[in-house]
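Student: Pasting the sequence and the predicted coordinates here, then a few questions.
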Amino acid sequence: MTLDVSKATYRVAYESFSKLSRKVSEVTTHEKLVKHTGQYLKLLFNFVAMRVTIVDKRGHYTSAFPAAKKVDLPYWNQDLLDFESELLEKQVPFCRDYSSNDVFDLSGIEVKDAKIWGWAFTYDNLTTITTLIADSENAFTVKQVEILRLVIDVFTLKFAEINAKKELEDKNAQLYQALNLVQVKNERINQIINDQQLIIEERTEKIRMQNKQLRRLSVLNAHKVREPLSRVMGLIQLAEHVSEKELKEDLLVKIQTSAQDLDKALQMVIEKSLNEISEDLEI
Amino acid sequence: MKTLKIVLVDDQEISNFINKKVIGLSGLDCEIIEFTDPVHAFEQLPTINPDLILLDLQMPVLNGWQFLDKMVDVSHKHPVAIITSSTSSEDTAKSLTYSHVVEYCVKPIKPEIIKGLAEKLMKPVV
């Protein structure tokens, strides 16, 4: 008879665990994970109240069952209870007797012959602290530890997966933001480049105009200035071929006229150069 | 040796004076007609029918290039020697584009230049 009951219990537990596994595999949030897990716990092992605290590098996250009991007492509100800190530190599981009063003060539940069980289950990057209140009516036994362990495994791994997904989403969002920023900066850079291009073109045009003017000035020099000079040179060349009289009365007068023309021409060119060049120095 | 008929076109009287003297020093037998008004000079070309024209570039109203263009327009084939104070290579290059320009000379010219021109004119045109 005991065997049959035990077999039946085992089958129920196994079926429930299957269902729990399947349900949990579909959840995407912590809230749903806690909710669905809570729905199956009583079918899997005996307990009055339970706390599962997952501790990772960032901190700890506590879920308490049954969820209905949201009472303002330590068992439902406090982050880490004393014996849980002890578990985290020493990693030695325990099973202790507690007085009904103590359990009531802790959780607000009335119990008879209370026991508190505690485990520290370790995984790759996290530890799950599990504590459980049982009494004579809901007697948790050593035989049930295995299935409890399985539930904690499923719970923890799903929890870690949800975290990882959230982390990935956050990182993606950050990347996206960074990408946007880069794009904005790129546009700004392109704008600046375009503006500079325009400025360069403007200045190039100004320089082109300046060059034109300078060229005109050179042409002016070539003709206007050299003309009277060539006359002076030509007259001087003739000097040795004419009589003294012609030299004095004719040639020298012509030389003087030409020299004066040269002076005028140079002055005009100098004035023009100064005017035109100083005008365009503002870029 | 036939007398060379030379027309001088320069807006500066002194330039024409100098060129006339230089031609005299070359020892050639020349008849020289000088102009300070290029428009008038152009009009007289058919009448005078010179053997050579010494042409200045920088003149008001009608400059040397315009004078040459007008000659081309009416097919005047008188040989032209450009006598100018300009040393610019642009002007030198431009002068080559006129088929009847035989020389580009920079002022002040020397008698040897005139002799050289005379010899050039004697040669039969190829």
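Tutor: Looks like it came in fine.
Student: which residue does chain B bring closest to chain A?
Tutor: Relative to chain A, the nearest point of chain B is B:Pro108 (3.0 Å; Cβ to the nearest Cβ). C-beta here means a position set from N, CA and C on the backbone, and glycine is covered the same way.
Student: And the nearest residue to A:Gln213 once chain neighbours are set aside, how far from A:Leu217?
Tutor: The spatially closest residue to A:Gln213, leaving aside those adjacent along the chain, is A:Glu276, at 5.1 Å (Cβ to Cβ, 6 or more residues apart in numbering or on different chains). Using Cβ to Cβ, to the nearest Å, we find A:Glu276 at a distance of 7 Å from A:Leu217.
Student: Any residues of chain B in contact with chain A? List them.
Tutor: Taking Cβ under 8 Å from any Cβ of the partner chain as the test, the list of chain B residues beside chain A reads B:12, B:14-15, B:17-18, B:21-22, B:25, B:57-58, B:85-88, B:91, B:106-110.
Student: ok, 10 Å please
Tutor: Within chain B, the positions near chain A by Cβ under 10 Å from any Cβ of the partner chain are B:10-15, B:17-19, B:21-22, B:24-25, B:56-58, B:63, B:83-88, B:90-91, B:106-111.
Student: Secondary structure element holding B:Val39?
Tutor: helix B:38-48 (DSSP states H and E).
Student: whoops, I mixed them up, B:Val102
Tutor: Short version: B:Val102 belongs to strand B:101-106, going by DSSP H and E.
Student: could I get that strand in PDB with only the CA atoms?
Tutor: Taking C-alpha atoms only, strand B:101-106 is exported to PDB below (Å, rounded to 0.1, in the frame of the first residue of the first chain):
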ATOM      1  CA  VAL B 101      54.100  89.500 -90.700                       C
ATOM      2  CA  VAL B 102      57.700  88.900 -91.600                       C
ATOM      3  CA  GLU B 103      59.400  89.900 -88.300                       C
ATOM      4  CA  TYR B 104      58.700  90.900 -84.700                       C
ATOM      5  CA  CYS B 105      61.200  93.500 -83.500                       C
ATOM      6  CA  VAL B 106      61.600  94.900 -80.000                       C
END
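Student: which of the residues in the very next helix or strand once past it are buried?
Tutor: Downstream of strand B:101-106, the next assigned helix or strand under DSSP H and E is helix B:111-122. Within helix B:111-122, the residues scored as buried using 16 or more other Cβ atoms under 10 Å in any protein chain shown are B:Pro111, B:Ile113, B:Ile114, B:Leu117, B:Ala118.
Student: Return the list of helices and strands in contact with helix B:111-122.
Tutor: strand B:4-9, helix B:13-25, strand B:52-55, strand B:80-84, strand B:101-106 (3 or more Cβ pairs under 10 Å, 6 or more residues apart in numbering or on different chains; DSSP states H and E).
Student: The third one - contacts with which helices or strands?
Tutor: In other words, strand B:52-55. strand B:4-9, helix B:13-25, strand B:30-35, helix B:38-48, helix B:64-73, strand B:80-84, strand B:101-106, helix B:111-122.
Student: which of these has the lowest average pLDDT?
Tutor: Within those, confidence is poorest for helix B:111-122, with a mean of 91 (mean pLDDT).
Student: quick one: it to strand B:4-9, angle?
Tutor: 120 degrees (axes from the mean of the first three to the mean of the last three Cα atoms, to 10 degrees).
Student: Which residues does helix B:111-122 contact?
Tutor: A:237, A:241, B:1-2, B:4, B:6, B:19, B:21-30, B:51-52, B:54, B:79, B:81, B:83, B:102-103, B:105-106, B:109-110 (Cβ atoms under 10 Å, 6 or more residues apart in numbering or on different chains).
Student: let's go with 8 Å and repeat that
Tutor: B:4, B:22-23, B:25-28, B:51-52, B:79, B:81, B:102-103, B:105 (Cβ atoms under 8 Å, 6 or more residues apart in numbering or on different chains).
Student: All set now, cheers.
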